[in-house]
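J.: Here is my input, please return the structure:
(one chain, ligands or ions: 2)
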Amino acid sequence: MIIGLTGSIASGKSTVANLLKDRGYPIVDADEIARLVVEPGSPVLHEIETVFGAEVICDDGSLNRAAMGRLVFGDDKKREQLNAIIHPAIRKELILQKESHLAAGAKTVILDIPLLFENKLHDYVEKILVVSVTPEVQKERLMSRNQLSESEADSRIASQLPMDIKEQGADAVIDNNGDLAETERQLDDVLQKWLV
Ligand SMILES: CC(C)(COP(=O)(O)OP(=O)(O)OC[C@H]1O[C@@H](n2cnc3c(N)ncnc32)[C@H](O)[C@@H]1O)[C@@H](O)C(=O)NCCC(=O)NCCS
Ligand SMILES: Nc1ncnc2c1ncn2[C@@H]1O[C@H](COP(=O)(O)OP(=O)(O)OP(=O)(O)O)[C@@H](O)[C@H]1O
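T.: Ligands and ions are numbered 1, 2, ... in the order given. Below you'll find the model as predicted:
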C-alpha cells in the first residue's frame, strides 16, 4: 500500500514519519528531495538562479534557502514561479524512490508530501493520512522551530490550503496537539485499521 502522509506546515509530518521509520516503513520525503534536486551544479538550481538572480545563491554555490523563503512565502506569483521550476523534478524523484522501495520488496511505502492536496497528487497514493494541529499550536511550533516572527509564520501558513480542507480529504487524521505518546497511539490505531 502507498500511504500519503501530509498536513500543514509544522503540523508534525516529520515527527509522524520518524515514528513510522521506527516501525520499519520506508519513507520517501518530498522536503528531502526538494533539497536533493537543487544541489550545486544541478539544472534546477541553474534555472532558479536565472529566474531569481544571484541573491538566492550562497557564496559556496548552494541555494540560499533563507533568502528564497523570504522571497516566495508571502508572494504568490514568485512562489508559483519557483514551484513551476522545482516541482516536476521533485515528482520525478518521488516516483523513482517509491519504485525502488517496491522493487526491493516493500509492501507499504510512505510518501511524506507536504503539498499533496495543493498539487493534487491524490493519484500517487492509496490512502491519505493527515497530521493535524489547531492554528494556535501550529503557529507556536512553527515560530519556535524556525525562529520566525508572527508575521513570517502567518505568511508561510497562508501559502498552503487550510487545515480543515485537508482533514476533509483524509482517510485518517492524527490529532497532534497533545504529547508524542498520544500521537503514537493514534498512529498505531490507524496502522492496525489499515492492516499495514
Ligand atoms: C523556499 C524554500 C527554499 C525554503 O526552504 P526552508 O529550508 O526554509 O524550508 P523547507 O524546505 O524545510 O520547507 C518547510 C516547509 O515549508 C512548506 N513549503 C515549502 N515549500 C512550499 C511551497 N512552495 N508552498 C507552500 N509551502 C511550502 C512545507 O510545509 C515544508 O515542509 C524551500 O521550502 C523550497 O525549495 N520550496 C519549494 C519546494 C517545495 O514545494 N517543497 C515542499 C515539498 S514538495
Ligand atoms: N506532539 C508534539 N508535541 C510537542 N512538539 C511537537 C509535537 N509534534 C511535533 N512537535 C514539534 O513541532 C515542530 C513541527 O513538527 P514537524 O517538524 O514534525 O512538522 P512538519 O509537519 O514536518 O513541518 P514542515 O511542514 O515544516 O516540514 C517541531 O519542532 C517538532 O519537534
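J.: Give me the distance between the residue sitting nearest the centre point of the chain and A17.
T.: For the chain, the residue nearest the mean C-alpha position is P114 (2.7 Å; Cα atoms, centre = their mean). Separation of P114 from A17 (Cβ to Cβ, to the nearest Å): 11 Å. Yep, even glycine has a C-beta here, placed from its N, CA and C like the rest.
J.: And for E47?
T.: 29 Å.
J.: Settle it for me: which of the two has more neighbours?
T.: The residue with more neighbours, out of E47 and A17, is A17; 20 against 16, by other Cβ atoms under 10 Å.
J.: does ligand 2 sit close to the helix or strand harbouring that one?
T.: Element membership for A17 (DSSP states H and E) is helix 13-22. Yes - Helix 13-22 lies within reach of ligand 2 by Cβ under 6 Å from any ligand atom, at 13-15.
J.: Also stretch 137-151?
T.: Yes - using Cβ under 6 Å from any ligand atom, stretch 137-151 reaches ligand 2 at 141, 145.
J.: K107: what's it in contact with?
T.: K107 sits next to 1, 196 when contact means Cβ atoms under 8 Å, 6 or more residues apart in numbering.
J.: Would you state the secondary structure element containing it?
T.: Here K107 is assigned to no helix or strand, by DSSP H and E.
J.: Please shift the residue numbers so they start at 11 in all later answers.
T.: Got it, the first residue is 11 from now on, which makes the last one we talked about K117.
J.: Can you pull up the residues of this structure that come close to ligand 1?
T.: Looking at ligand 1, the residues of the chain close enough under Cβ under 6 Å from any ligand atom are 19, 40-41, 44, 75, 78-79, 82, 89, 92-93, 96, 100, 124-125, 169-170.
J.: ok, of those residues, which come out buried?
T.: 19, 40, 44, 78-79, 82, 92, 96, 100, 124-125, 169-170 (16 or more other Cβ atoms under 10 Å).
J.: could I get those as JSON lines with secondary structure and distance to W204?
T.: Shown next, in JSON lines, are these (DSSP: H, G, I helix; E, B strand; the rest coil; distance: Cβ to Cβ, whole Å):
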{"residue": "I19", "secondary structure": "coil", "distance to W204": "25"}
{"residue": "A40", "secondary structure": "helix", "distance to W204": "21"}
{"residue": "A44", "secondary structure": "helix", "distance to W204": "27"}
{"residue": "M78", "secondary structure": "helix", "distance to W204": "37"}
{"residue": "G79", "secondary structure": "helix", "distance to W204": "35"}
{"residue": "V82", "secondary structure": "helix", "distance to W204": "35"}
{"residue": "L92", "secondary structure": "helix", "distance to W204": "34"}
{"residue": "I96", "secondary structure": "helix", "distance to W204": "31"}
{"residue": "I100", "secondary structure": "helix", "distance to W204": "26"}
{"residue": "P124", "secondary structure": "coil", "distance to W204": "21"}
{"residue": "L125", "secondary structure": "coil", "distance to W204": "23"}
{"residue": "S169", "secondary structure": "coil", "distance to W204": "30"}
{"residue": "Q170", "secondary structure": "coil", "distance to W204": "25"}
